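Undergrad: Build the 3D model from these lines:
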Amino acid sequence: MRAVAEGLDEIGLLANAGKLMIPGERRFPITQVQDAHEAKDKRLIQGKVVSDLDEFKPAVHEPVQ
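TA: Numbers count the residues shown, from 1 in each chain. All right, here's what the predicted structure looks like:
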């Protein structure tokens, strides 16, 4: 278990130093979720696809009386 703990410590140090990067990360607004899926399915993107929720506005419903 000691080797695991040492490895996690090293990963933490690298992450805090900004030396760990996600390869090929690409952000799509939530309004383009279909484009994100197509790009991933066609292997146009290596790495992670992120859906950005900044444009998401949930519907507001009035309470039922």
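Undergrad: doesn't residue 53 make contact with residue 31?
TA: No - in this structure, residue 31 is not within contact of residue 53 by CB atoms under 8 Å, at 10.2 Å. Any C-beta I mention is one placed from the backbone N, CA and C, and that applies to glycine too.
Undergrad: Check which helix or strand the most centrally placed residue in the chain maps to.
TA: When CA atoms, centre = their mean is applied to the chain, the residue found nearest the centroid is residue 50 (4.1 Å). Following DSSP states H and E, one finds residue 50 within strand 49-52.
Undergrad: May I have the strands that pair with that strand, each with its orientation?
TA: strand 26-29 (parallel) (DSSP bridges).
Undergrad: how about the strand it pairs with: buried residues?
TA: For strand 26-29, the buried set under the neighbour-count rule, 16 or more other CB atoms under 10 Å, comprises residue 28.
Undergrad: which residue sits closest to residue 40, ignoring its sequence neighbours?
TA: residue 49 (5.2 Å; CB to CB, 6 or more residues apart in numbering).
Undergrad: Against residue 48, how distant is residue 39?
TA: From residue 39 across to residue 48, the span is 12 Å (CB to CB, to the nearest Å).
Undergrad: For the chain, which segments count as helices?
TA: Along the chain, counting by DSSP state H, helices occupy 2-16, 33-41.
Undergrad: To residue 59, which of those helices lies closest?
TA: Residue 59 sits nearest to helix 33-41 of all these, at 17.0 Å, using CB to CB.
Undergrad: Does anything pack onto the closest one? Which helices or strands?
TA: strand 26-29, strand 49-52 (3 or more CB pairs under 8 Å, 6 or more residues apart in numbering; DSSP states H and E).
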